[in-house]
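**Q** Pasting the sequence and the predicted coordinates here, then a few questions.
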Amino acid sequence: MDDFNAFVAQNLEQLVGTAYLITWDSGEAEDLVQECLFKLARRWPRVRRMQKPKAYARRVLVNLALDGSRGYARRRGELGGLSAIEAPARDLLEGVDTRVELLDALAQLTARQRAVLVLRYFNDLTEAQTAEALGCSPGTVKSNTSRGLARLREVLAPIPKPTQEL
């Protein structure tokens, strides 16, 4: 079980961060990670022999989050790590004045779109890795990424100031 403890120590922070970005609630994120780790611990002899136990853990976590996404509280707070966001998402953020605005905008996405964007741009996963984590096709990842980014553009678009004619 020492190897499980090492696995947890190495991956806990990223799992909690991923869960938080999907649920927007730190307590819920911690509960999800705890449930995920409990599931992993019960299956650890099989999981540790997998080629990518971290990817499996992430998939379990995302499935838990998406399965319960309708009931999650969406608490807005500070979000770290924005400098690591890739260009398509970073370009959207140029007009965002506060992190709260970003959280409000992300909260308007579907749980699946939010999960795709979190995995792609905050966890730096490829489309294939994201598809594996979500148990879907790369095409589904592409379409959810496109729709999610389009929705963010729509929500974050500056409201034009009314012009006054004299």
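**A** Great, that's in hand.
**Q** Quickly find the element holding the residue lying closest to residue 120 once chain neighbours are set aside.
**A** The shortest distance from residue 120 to any non-neighbouring residue, by CB to CB, 6 or more residues apart in numbering, is to residue 130 (5.4 Å). Yep, even glycine has a C-beta here, placed from its N, CA and C like the rest. Following DSSP states H and E, the helix or strand that holds residue 130 is helix 127-134.
**Q** Can you get me the start-to-end distance on stretch 131-146?
**A** 14 Å (CA to CA, to the nearest Å).
**Q** burial measure for residue 149, as a count.
**A** 20 (other CB atoms under 10 Å).
**Q** wouldn't it be in contact with residue 117 here?
**A** Yes. When contacts are counted by CB atoms under 8 Å, residue 149 is listed as touching residue 117 (7.4 Å).
**Q** ok, residues contacting the helix ranked longest in the chain?
**A** Ordering each helix of the chain by length in residues (DSSP state H) puts helix 2-23 first. Helix 2-23 is contacted by residues 26, 28-30, 32-33, 36-37, 40-41, 44, 48, 53-54, 57-58, 61-62, 65-66, 69, 72-74, 79, 81, 106, 111, 114-115, 118-119, 122-123 when judged by CB atoms under 8 Å, 6 or more residues apart in numbering.
**Q** Sweet, I'm off.
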